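Trainee: sequence isn't available, so here's the structure alone:
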């Protein structure tokens, strides 16, 4: 088969090396960014779970956590966050590339281009669903450690204790439906909005990826990424709060995922 026949939209060829590179870069980036924001996540989760106590907003919440537990408390859950989002980023970004390219091959380039937003949405939803299967146990451990720092001394001991007390499924997958409602719309919005935002930016600057503007292609990616990130965060927020409440120790009661969601 000639190399030209392996191209998609004039790019490629796309093989295992390409998908692995996308997965690895996605895993590293997600691990670093989510890990770096662990202090923000700690305060956010405390506000979600105990708004009566943490009622001074995000900035005030930092002060409350530090005054009660010390600055080290802001890094609670760093382990499961960094590890969980490395795995999630691996499957999300590697998966989006895999599904996007193969859906384009199935539809044909012209049809794929004309329906590119729908293609972005479908590819990102399928990739995120797979990623969430692996992310969910890590999020359960993270939320339990943040909501009750005395529960366990590490991610491993937290996971072992949760499994012993509640069983594997109830411990790690009670929040699976909420995490799907959080992460899938988040990822769909992120990829679709970023793709559209890039088109708008390039068009507004009379430029293209092949002939980038003064801010460069990276600048366009960063700008469109900020827009997409804000949109995605707003869309996913309600399910994020529900996920925190379900995985908090004692919150939502005991029992299956649907019993906890109904409480």
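Mentor: Happy to help now that I have it. Computed from a prediction, not measured in an experiment: that's the story for all the values here. Numbering: from 1, shown residues only.
Trainee: and the nearest residue to residue 58 once chain neighbours are set aside, how many neighbours?
Mentor: Once flanking residues are discounted, residue 58 sits nearest to residue 43: 6.0 Å by Cβ to Cβ, 6 or more residues apart in numbering. For glycine as for every other residue, the C-beta is placed from the backbone atoms N, C-alpha and C. The local packing of residue 43 (other Cβ atoms under 10 Å) involves 24 other residues.
Trainee: mind listing the helices for the stretch 1-150 of the chain?
Mentor: Taking DSSP state H, counting those that start in this stretch, the helices of the stretch 1-150 of the chain run over residues 16-36, 38-49, 57-69, 78-107, 109-114, 116-147.
Trainee: point out where the stretch 151-263 of the chain drops to low pLDDT.
Mentor: Applying pLDDT under 70 to the stretch 151-263 of the chain flags the ranges 247-263.
Trainee: where do the helices sit along it?
Mentor: 155-166, 168-173, 176-204, 216-247, 257-262.
Trainee: dump those into CSV; add distance to residue 114 and mean neighbour count as well.
Mentor: As requested, these are exported to CSV (distance: least, Cβ to Cβ, whole Å; neighbours: other Cβ atoms under 10 Å):
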stretch, distance to residue 114, mean neighbour count
helix 155-166, 46, 16
helix 168-173, 39, 16
helix 176-204, 14, 20
helix 216-247, 21, 17
helix 257-262, 39, 14
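Trainee: distance to residue 70 for those helices - can I get that in TSV?
Mentor: TSV is the format used below for those (distance: least, Cβ to Cβ, whole Å):
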stretch	distance to residue 70
helix 155-166	19
helix 168-173	28
helix 176-204	30
helix 216-247	22
helix 257-262	31
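Trainee: still on that earlier bit, which of the helices of the stretch 1-150 of the chain sits closest to residue 221?
Mentor: helix 16-36 (12.2 Å; Cβ to Cβ).
Trainee: returning to that earlier point: nearest to residue 11, of the helices of the stretch 151-263 of the chain?
Mentor: Closest among these, once you apply Cβ to Cβ, is helix 216-247, at 14.1 Å.
Trainee: tell me what the closest one is packed against?
Mentor: helix 38-49, helix 116-147, helix 176-204, helix 257-262 (3 or more Cβ pairs under 8 Å, 6 or more residues apart in numbering; DSSP states H and E).
Trainee: please state the offset of that helix from the chain centre?
Mentor: 8 Å (Cα atoms, centre = their mean, to the nearest Å).
Trainee: can you offset everything so residue one is 81?
Mentor: Happy to do that; since the first residue is 81 now, the last one works out to helix 296-327.
Trainee: just the angle between that helix and helix 118-129, please?
Mentor: Interaxial angle, helix 296-327 versus helix 118-129 (axes from the mean of the first three to the mean of the last three Cα atoms, to 10 degrees): 40 degrees.
Trainee: follow-up on the earlier one: out of the helices of the stretch 81-230 of the chain, nearest to residue 307?
Mentor: That would be helix 196-227 among the helices of the stretch 81-230 of the chain, by Cβ to Cβ, at 14.6 Å.
Trainee: chain center to that closest one, what's the gap?
Mentor: 6 Å.
Trainee: go on, stretch 244-263?
Mentor: Worked out by Cα atoms, centre = their mean, stretch 244-263 lies 16 Å from the chain centre.
Trainee: name the nearest residue to residue 172, sequence neighbours excluded.
Mentor: Per Cβ to Cβ, 6+ apart, closest to residue 172 is residue 211, 4.4 Å.
Trainee: neighbours of that neighbour, how many?
Mentor: 28.
Trainee: how about the contacts made by it?
Mentor: The neighbours of residue 211, taking Cβ atoms under 8 Å, 6 or more residues apart in numbering as the test, are 167-172, 175, 263.
Trainee: how about the contacts made by the most centrally placed residue in the chain?
Mentor: Central residue of the chain (Cα atoms, centre = their mean): residue 263, 5.6 Å from the mean position. With contact set as Cβ under 8 Å, 6+ apart, residue 263 has these partners: 168, 208, 211-212, 215, 316.
Trainee: among these, which one sits closest to residue 228?
Mentor: residue 215 (20.7 Å).
Trainee: one step back: let me have the helices and strands packed on helix 296-327 in JSON lines, extended by distance to residue 87.
Mentor: Below are the helices and strands packed on helix 296-327 laid out as JSON lines (distance: least, Cβ to Cβ, whole Å):
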{"stretch": "helix 118-129", "distance to residue 87": "41"}
{"stretch": "helix 196-227", "distance to residue 87": "17"}
{"stretch": "helix 256-284", "distance to residue 87": "20"}
{"stretch": "helix 337-342", "distance to residue 87": "44"}
